[in-house]
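Asker: With the input below, show me the fold.
(one chain, ligands or ions: 1)
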Amino acid sequence: MGTKVKNTEIPLSLEQFHISEDYGFILPEPLVDLPVYYKPWMDIARNVPELISSHSLRLRIHDMALLETHLLRTHRELRLAHLALSIMTMGYVWQEGERETVKVLPRSLSLPFCEVSQRLGLPPILIHADTVLANWKKRDPDGPFSLENLELLLTLPGGGSVRGFFLVTLLVELAAVPGLKSILDVINGVQYNDVAMVTKALDVVSQAIDSMKQAFKLMHEYVDPSIFYGIMRIYLSGWKDNPSMPEGLIYEGVQEKPMEFSGGSAAQSSILHCFDELLGVQHEGSNGDFLKRMRDYMPLSHKQFIENVSSRPSLRSFVLQQADERLTHTFEHCVARLVDFRNYHINIVTRYITIPASRAKQLRANKQGLAEELDAIRSAPKALEERGTGGSGIMTFLKTVRDETKDTSISQCTNGNQVSPDPSITEIQKAASELTIE
Ligand code: HEM
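Answerer: Reported below is the predicted structural model:
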C-alpha cells in the first residue's frame, strides 16, 4: 500500500474541518449584514454594478473612510467582510476594462482587505469561497434550496447571468454533499478491510457526481454565454499571469512591492480535489502545480481536509489488492463518472469561452455583426481569450486533467465503462469546430 500510511488511527470527521453535514463546503446561513460601523463598506458593495456603469466606483472608494477591522469578531462576519471587500476590489480594478487598469489598490480597501484575509488564512482577492460558498440567502427561509428561492447577497455586473452563474455553482456544491460524507465511509471501510462498506460508499460518491452534473445543466438555462464572456469574466480575473496586469497590484500601505494573485475560479472548489485524492487521481507537472496552488485559495480547514484524505492509505491499491469484482466495478464506475463530469465541464467551457472567443476574433476582423453582440464582445478582455480567470491556458489544461482522471481507471475503461459523449456535447463541439478555433 505504498508509503502513504499516516493518520490511520485518527477517525476523520467533517466537523473537525468546519465542514457542514448538511451543506458540505458551503457556509451555512451566511450573515446578510455587518455591524453598523461597516455601513460605508456595505453601502458601496451592494451597489457595485450601478457604480461601475456610472464610472463612479473608483471615486467612491477614494472617498471611503479607512475602517478598523477588530470589530469583526465571528467567522461569519469575517466571511461577509471578505466577500464585500473582494467585490469592491474587483470592481475597482476592472471598472474601465482591461485597457485602463490600476497599479495601486487604495489603502481604504487594501489595508482592511489584507487584515481580514490574514485572519481567515485567505488571499486578498475574490475567491470561489466568497462568491459561491458565502454569498447566498433563501428568499423564504422555510422554502427549498432551489434557484427560485435563492438570492445572492452581493453581485457584479452581468445581471441575471451573474446570479445564475454563482447560484448554479452553489447547487453543484450542494449536490456533492452526500458524496463528501461518503468519503469518510470509504476511508473507514479501507481501514477496517470492509469491502461491502467501501463498495456502498463509493456508489454514493458516483451518484453524487451524477447529481452534480444534473445541477450543472442549469447553467444553460440561467447564464447567457455572451454576457458571461463579454461582461462577467473580467471581474473574476486576477493579477497573476494576466498580460493586462503584468506587474501585479500594489496593496497600498501593506507593502511597496506589487502582489500577484489568481482570479476566482471553481478550480478553487474543494470538492473535486477531494474526489481526486480519494480515487488517487494524479495531476502532474504545471497542471498539478496550478491545482495545488488553487488550494491556497480555499478556506484553510477545507484545504487541510483534502490533505488529510490524501494522506490516507490508497483506495486504488485496496481495490487492486482485494480483487473483488463488485468493488472493482464500483471503483471503475466512480472514475468514469468523474471523467464524465469533467467532459461535461469541458463542453460548458467550450460554449461559454471557446466559441465566444472565436466569435470575438471574427467580429474584430470583419467588424460585422449585430450591434448588441459587437458591444458585448468589444468590451471582452483580449488577454483572457486563451486563458481561464485563474490564469490557466484553458483547453489543454482541462483535457489533460480529464485524461489524468481516466488514467486512474484500473482497466483503462475497456469493458463498458467508456464515457460516451453527451449528444449536446457533440453538437457544441461541431459548432465550435465550424468556427475554426485555434
Ligand atoms: C459557465 C460555467 C463555467 C466555466 C465557463 C468554467 C470555466 C473554467 C475554466 C476556464 C477553468 C480553468 C481554470 C482557470 O483558469 O480558471 C476551470 C477549471 C475548473 N472548474 Fe470550471 N467553469 C465553470 C463552472 C464550473 C462549475 C460549476 C464547477 C463545479 C464546481 C467547476 C469546476 C472546475 C474545476 C474543479 C476546475 C479545475 C479543473 C478540474 O479539476 O477539472 N467549474 N473552469
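Asker: near the ligand, which residues of the stretch 51-200 of the chain show up?
Answerer: 169, 172 (C-beta under 6 Å from any ligand atom). Glycine gets a C-beta too; all of them are placed from N, C-alpha and C.
Asker: Where does Phe305 sit, in terms of helix or strand?
Answerer: helix 300-310 (DSSP states H and E).
Asker: Only the buried residues of that helix, if you could.
Answerer: For helix 300-310, the neighbour count (16 or more other C-beta atoms under 10 Å) marks 302-303, 305-306, 308-310 as buried.
Asker: Now do the helix or strand that comes right after it, average pLDDT.
Answerer: Once the chain leaves helix 300-310, the next helix or strand it forms, by DSSP H and E, is helix 315-322. Across helix 315-322, pLDDT averages out at 98.
Asker: returning to that earlier point: would CSV of the buried residues of helix 300-310 with distance to the ligand and pLDDT be doable?
Answerer: Below are the buried residues of helix 300-310 laid out as CSV (distance: C-beta to the nearest ligand atom, whole Å; pLDDT from 0 to 100):
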residue, distance to the ligand, pLDDT
His302, 13, 98
Lys303, 14, 98
Phe305, 16, 98
Ile306, 12, 98
Asn308, 19, 97
Val309, 15, 97
Ser310, 15, 97
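Asker: how far away is the residue most central in space within the chain from the ligand?
Answerer: For the chain, the residue sitting closest to the mean C-alpha position, by C-alpha atoms, centre = their mean, is Ala266 at 1.3 Å. Separation of Ala266 from the ligand (C-beta to the nearest ligand atom, to the nearest Å) stands at 3 Å.
Asker: Is that residue in contact with Leu133, as I believe?
Answerer: No. Using C-beta atoms under 8 Å, Ala266 is not in contact with Leu133; the gap is 10.6 Å.
Asker: Which neighbouring residues are in contact with the residue of the stretch 101-250 of the chain found nearest the ligand, exactly?
Answerer: In the stretch 101-250 of the chain, the residue that lies nearest the ligand is Thr169 (4.1 Å; C-beta to the nearest ligand atom). Going by C-beta atoms under 8 Å, 6 or more residues apart in numbering, Thr169 touches 128, 132, 266, 269.
Asker: Show me those that map onto helices.
Answerer: Judged by DSSP state H, the contacts of Thr169 include His128 as members of helices.
Asker: okay, the contacts of Thr169 in a markdown table with pLDDT next?
Answerer: Output for the contacts of Thr169, formatted as a markdown table (pLDDT from 0 to 100):
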| residue | pLDDT |
| --- | --- |
| His128 | 98 |
| Val132 | 98 |
| Ala266 | 97 |
| Ser269 | 98 |
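Asker: Most neighbours among the contacts of Thr169, which one?
Answerer: Val132 (26 neighbours; other C-beta atoms under 10 Å).
Asker: what's the nearest residue to it if we skip its chain neighbours?
Answerer: Of all residues not flanking Val132 in the chain, Thr169 sits nearest, at 4.8 Å (C-beta to C-beta, 6 or more residues apart in numbering).
Asker: And for Ser310?
Answerer: In space, and not counting its chain neighbours, Ser310 is closest to Glu277: 4.1 Å by C-beta to C-beta, 6+ apart.
Asker: check contacts around the one you found.
Answerer: Counting by C-beta under 8 Å, 6+ apart, the residues that Glu277 touches are 306, 309-310.
Asker: how close does it get to Ser311?
Answerer: According to C-beta to C-beta, to the nearest Å, Glu277 and Ser311 sit 9 Å apart.
Asker: Tell me if I'm right that Tyr235 and Trp94 touch.
Answerer: Yes. Between Tyr235 and Trp94 a contact is recorded at 5.4 Å, counting by C-beta under 8 Å.
Asker: which parts of the strand or helix carrying Leu167 are buried?
Answerer: Leu167 belongs to helix 160-175 when assigned by DSSP H and E. Under the neighbour-count criterion of 16+ other C-beta under 10 Å, helix 160-175 has 161-175 buried.
Asker: any idea what sits nearest Phe305, other than its immediate chain neighbours?
Answerer: Phe17 (4.0 Å).
Asker: Can you give me every residue that contacts that neighbour?
Answerer: Contacts of Phe17 by C-beta under 8 Å, 6+ apart are 301-302, 304-305, 308.
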